[in-house]
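> sequence unknown, structure follows:
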């Protein structure tokens, strides 16, 4: 199928970075299956695989060289060469779901970009060059806090933190929030933390319940302490439903399928569908609030919800080479 057309006038785009410096917490699983939930709802969605391990690409059945030879274009080409046409690297995984795939070459990008001015803005320029073709853009960050992750935070407007409800994982959230705060101050003042997605969740465990209660309490205290301030996690919350522990979620990447294609009746499919619906309701409610300004539909939500950050990406030519 052809690429979605660039809208005219530009439309709001929801840019979400999924990050956690700890590996094996469900970050890629959440990126892929949440994107699939949006796409199944008829929303044009892009997954940006920013991890050199290329797990999001593999999860969607995209391997370097599998279909188009070893020279398949990837996010690496887009970041390294400002004149590269990013649309040529896009791969359609399923209806409404596209991927900007990764490659192991991406591991060298941090070194190659180290001396380049505004190196942290390369991904933002890549997404701008796509001209707002996608309503949802989900960025799968590497499990580190290096230049690639900084690029994701510079381009995104929201951060989702997939994690398992363990004590050590809870401690790591503080470091993540510190990083987001620094990027918000220095590079991207519009960035905010949307919240935590609980993965491989076992609600029967006392320890799990205690950790979740601690997170709920932390975010509530952050809201109270922020007052009228602009703390990036002021409106963050622990998203419900949690994603239950489910072996089908671990199996589906080996078949290059999302949970909806591999095991649509599994608890993992139910949970990601419900999480996707909740995020879509928030987004549509925000768009409805903006409608009086644009003349579109205007139905405010029944209950106040934290407002997703919006960025309108205009149609833009390819970025010029940095001087």
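Okay, I see it. Source: prediction; values computed, not measured.
> Run a quick neighbour tally on residue 102.
Neighbours of residue 102 under the rule other CB atoms under 10 Å: 28. Glycine gets a C-beta too; all of them are placed from N, C-alpha and C.
> ok, it - contacts?
Applying CB atoms under 8 Å, 6 or more residues apart in numbering, we find residue 102 in contact with 49-54, 56-57, 74-76.
> could you redo the last one with a cut-off of 7 Å?
Residue 102 sits next to 49-52, 54, 57, 74-75 when contact means CB atoms under 7 Å, 6 or more residues apart in numbering.
> For the stretch 101-250 of the chain, which residues score under the pLDDT cut-off?
Within the stretch 101-250 of the chain, the segments meeting pLDDT under 70 span 226-229.
> Tell me where it has helices.
Remark: helices assigned in the stretch 101-250 of the chain by DSSP state H, counting those that start in this stretch are 109-113, 122-129, 147-155, 167-186, 206-226, 247-251.
> re the thing from before, what's the farthest-apart pair in the contacts of residue 102?
Using CB to CB, the contacts of residue 102 reach their maximum pairwise distance at 51 and 74, which is 11.6 Å.
> picking that back up, now go through the contacts of residue 102 and say which are in helices.
Residues of the contacts of residue 102 located in helices (DSSP state H): 57, 75.
> from the contacts of residue 102, which is closest to residue 101?
Distances from residue 101 to those, taken by CB to CB, are shortest for residue 57, at 4.0 Å.
> Let me know how buried that closest one is, in neighbour terms.
With other CB under 10 Å as criterion, residue 57 counts 29.
> And for residue 213?
A count of nearby residues for residue 213, using other CB under 10 Å, gives 12.
> now the residue lying closest to residue 126 once chain neighbours are set aside: how far from residue 18?
Excluding the flanking residues, the one nearest residue 126 by CB to CB, 6 or more residues apart in numbering is residue 78, at 4.5 Å. The gap separating residue 78 from residue 18 is 19 Å, by CB to CB, to the nearest Å.
> Against which helices or strands is the longest helix that the chain contains packed?
For the chain, the longest helix by residue count, based on DSSP H, is helix 267-294. Packing contacts for helix 267-294, counted by 3 or more CB pairs under 7 Å, 6 or more residues apart in numbering; DSSP states H and E, involve helix 27-40, helix 259-262.
> Can you name the residues in contact with the first one?
Right, the one you point to is helix 27-40. For helix 27-40, the surrounding residues in contact (CB under 7 Å, 6+ apart) are 18, 20, 45, 47, 55-56, 59-60, 94-97, 136, 138, 140, 162, 197, 199, 249, 258-260, 272-273, 275-276, 280.
> for stretch 275-295, what is the average pLDDT?
The predicted model assigns stretch 275-295 a mean pLDDT of 83.
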